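1. The following comprises the amino acid sequence and a computationally predicted model.
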Amino acid sequence: MSLTKVRPIVVGIGELLWDVFPGGKTQGGAPVNFARHCNQLGASGYPVSCVGADENGAELMEGLASLQMDSAYVSKDYHHDTGSVQVTLDENGTPSYDIREGVAWDVLGISEKLEALAPTVDAVCFGSLAQRHSVSRATILAFLGKMSPQALKLFDVNLRQDYFSQSILQESLEQATVFKLSDEELPVLADLFALEGSVEAQLLVLEERFELDCIAYTRGANGSLLLSRAELSDHPGCPTEMVDSVGAGDAFAATLCLGLIAGWPLSKLNENANQVAAYVCSQRGATPDLPIYLVNRISSQSEASHL
């Protein structure tokens, strides 16, 4: 499949919200960031979420339109406010989050429209945060259950505060074909699932236990480790002028997803994903416009891999 000729259908399902920084607010939510980056890299990326019937929700919908993102699968709830997150950055640009509870994306419901979309998608990205409420969790699991058996299901765990449990992680890993986690998240998984030994040994246990096709282990400025049943790629990371790392993981996930769809070898995938993530770190906000040279580079490599 060439991303420049056939646009895969990719979904980011979960939270859509405002990231509120000391200097103002920006559109956020990992699944929507993921869909936005997939769009930029040549896919048809759809956000699946829910906003409130309020000014913040209307502004988010306008923001999606300005990014040329299709909001057909973003529903509106009249009983809950649009979500928001207070974001604090440390001296290294690393974010911490205070996430508002009881908001619209917590009650994202299943619909006939979503049930019709699920079998058509080539890939989905989902996390643990959007499963903190029983309603949104049931919707995510129902969507996954209606997808094609050949579709890629990327679980980008995104542990936030205490909005996760062993049962949520267990069931999500059982549903996933690809797992992405960070060096800060692996110790949590190791404790919950009794993983021992080196990082690589722990990842191998997860891969075998949950029959995963690929695991992506990110290390911030120190790059990433990609592991599949046949390959292993260790990338040291790309130098960049750090502004903030918000959205970098979502950009990495988008490149990972599209590279797997295109059939890249892990070494090429790892290089491209680190390049995209490093650029996002050099810009303010989660979804900056990616430079043409980077988009063209990834698209051309995707096309070449299928000649």
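-> It's in. Numbering: from 1, shown residues only.
2. in stretch 17-37, what counts as buried?
-> 17-21, 25-37 (16 or more other Cβ atoms under 10 Å). For the C-beta atoms, the positions are set from N, CA and C on the backbone; glycine is no exception.
3. what's the answer for stretch 60-73, then?
-> For stretch 60-73, burial by neighbour count (16+ other Cβ under 10 Å) applies to 60-61, 63-64, 67, 69, 71, 73.
4. rewinding a little: which ones among the buried residues of stretch 17-37 lie within helices?
-> Using DSSP state H, the members of these that fall within helices are 30-37.
5. Between those residues, which sits nearest Pro187?
-> When these are compared for distance to Pro187, the smallest value, 20.3 Å, is given by Ala30; criterion: Cβ to Cβ.
6. list the contacts for that closest one?
-> 12, 14-15, 125, 127, 129, 156, 158, 249-250 (Cβ atoms under 8 Å, 6 or more residues apart in numbering).
7. make it 10 Å
-> Ala30 is in contact with 12, 14-17, 125-127, 129-130, 156, 158, 160, 247, 249-250, 253, 286, counting by Cβ atoms under 10 Å, 6 or more residues apart in numbering.
8. Which of those fall in helices?
-> If you go by DSSP H, the contacts of Ala30 have 249-250, 253 in helices.
9. so can I have a markdown table of those showing neighbour count and pLDDT?
-> Below are the ones in helices among the contacts of Ala30 laid out as a markdown table (neighbours: other Cβ atoms under 10 Å; pLDDT from 0 to 100):
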| residue | neighbour count | pLDDT |
| --- | --- | --- |
| Gly249 | 23 | 95 |
| Asp250 | 30 | 96 |
| Ala253 | 30 | 98 |
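10. Return the closest of the residues you listed with respect to Arg229.
-> Proximity of those to Arg229 was ranked by Cβ to Cβ; the top entry is Ala253 with 20.2 Å.
11. Check whether that closest one really touches Cys125, as I assumed.
-> Yes: contact status for Ala253 versus Cys125: in contact at 5.8 Å, counting by Cβ atoms under 10 Å.
12. what residues are shared contacts of these two?
-> What both Ala253 and Cys125 touch, as defined by Cβ under 10 Å, 6+ apart, is the set 12, 30-31, 33-34, 38, 154-156, 158, 178, 180.
13. From Ala130, how far out is Arg137?
-> 8 Å (Cβ to Cβ, to the nearest Å).
14. For these two, work out which one has more neighbours and name it.
-> Ala130 (27 against 19; other Cβ atoms under 10 Å).
15. and the residue nearest to that one when sequence neighbours are not counted, what is it in contact with?
-> Setting aside the residues directly before and after it, Ala130 is nearest to Gly14 in space (Cβ to Cβ, 6 or more residues apart in numbering), at 3.1 Å. The neighbours of Gly14, taking Cβ under 10 Å, 6+ apart as the test, are 29-32, 34, 47-50, 105, 108, 124-131, 136, 139-140, 156, 158.
16. Looking at the residues you listed, which are in strands?
-> 47-50, 124-126, 156 (DSSP state E).
17. want to throw those residues into a markdown table with pLDDT?
-> Putting the ones in strands among the contacts of Gly14 into a markdown table (pLDDT from 0 to 100) gives the following:
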| residue | pLDDT |
| --- | --- |
| Pro47 | 97 |
| Val48 | 98 |
| Ser49 | 98 |
| Cys50 | 98 |
| Val124 | 98 |
| Cys125 | 98 |
| Phe126 | 98 |
| Asp156 | 97 |
